[in-house]
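**Q** structure of the sequence below:
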Amino acid sequence: VKLVESGGGLVQAGGSLRLSCAASGRTFSSYVMGWFRQAPGKNREFVAAISWNGKFTYYADSVKGRFTISRDNAKNRAYLQMNSLKPEDTAVYYCVSNDDETYHSDSDSARQWYYWGQGTQITVSS
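**A** Next up is the predicted model:
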């Protein structure tokens, strides 16, 4: 399984960015997709997840109402639309997946995700 993120960059506070994750190596539409982030000196943090069919989405409280996760199974892609960005959103963002169809109660743990992209840097300036 290969996950490749794109769309990172530098943005001013209050701005927006859209991350994209291209997946390959297995049937994309069968599995949950998610996003984690890691700020300097901090542990990896769950951001959002979306079920295999896109019907269910889950968000960390810190991004709820500002970020939107989506997927296009026909294109084997997952997305993270980030609005109203804050300096504290600055981090490396990772696209993730595992062998489940949807999010579970322990899915906010990085250990529950088997497949990781290489990460893309998001920097939000104040």
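**Q** enumerate the positions of stretch 86-103 that are buried.
**A** Using 16 or more other Cβ atoms under 10 Å as the test for burial, stretch 86-103 gives 89-98, 100, 102-103. Every C-beta, even on glycine, is put in place using the N, C-alpha and C of the backbone.
**Q** how long is it end to end?
**A** Terminal residues of stretch 86-103 are spaced 26 Å apart (Cα to Cα, to the nearest Å).
**Q** and the gap between the residue most central in space within the chain and residue 94?
**A** Centroid check for the chain by Cα atoms, centre = their mean gives residue 35 as the closest residue, at 2.0 Å. With distances taken as Cβ to Cβ, to the nearest Å, residue 35 is found 7 Å from residue 94.
**Q** now swap in residue 10 and tell me
**A** For residue 10 relative to residue 94 (Cβ to Cβ), the value is 18 Å.
**Q** got it, and residue 2?
**A** Residue 2 sits 13 Å away from residue 94, going by Cβ to Cβ.
**Q** and residue 25, by the same measure?
**A** For residue 25, the distance to residue 94 equals 16 Å [Cβ to Cβ].
**Q** cool, and residue 67?
**A** From residue 67 to residue 94 the distance is 14 Å (Cβ to Cβ).
**Q** swap in residue 111?
**A** 14 Å.
**Q** now residue 120
**A** For residue 120, the distance to residue 94 - Cβ to Cβ - is 8 Å.
**Q** same thing with residue 39?
**A** Distance from residue 39 to residue 94, counting by Cβ to Cβ: 12 Å.
**Q** please apply the same query to residue 82.
**A** The gap separating residue 82 from residue 94 is 14 Å, by Cβ to Cβ.
**Q** how about residue 123?
**A** 16 Å.
**Q** coming back round to it: quick check, nearest of the buried residues of stretch 86-103 to residue 59?
**A** Ranked by distance to residue 59 (Cβ to Cβ), these are led by residue 103 at 10.1 Å.
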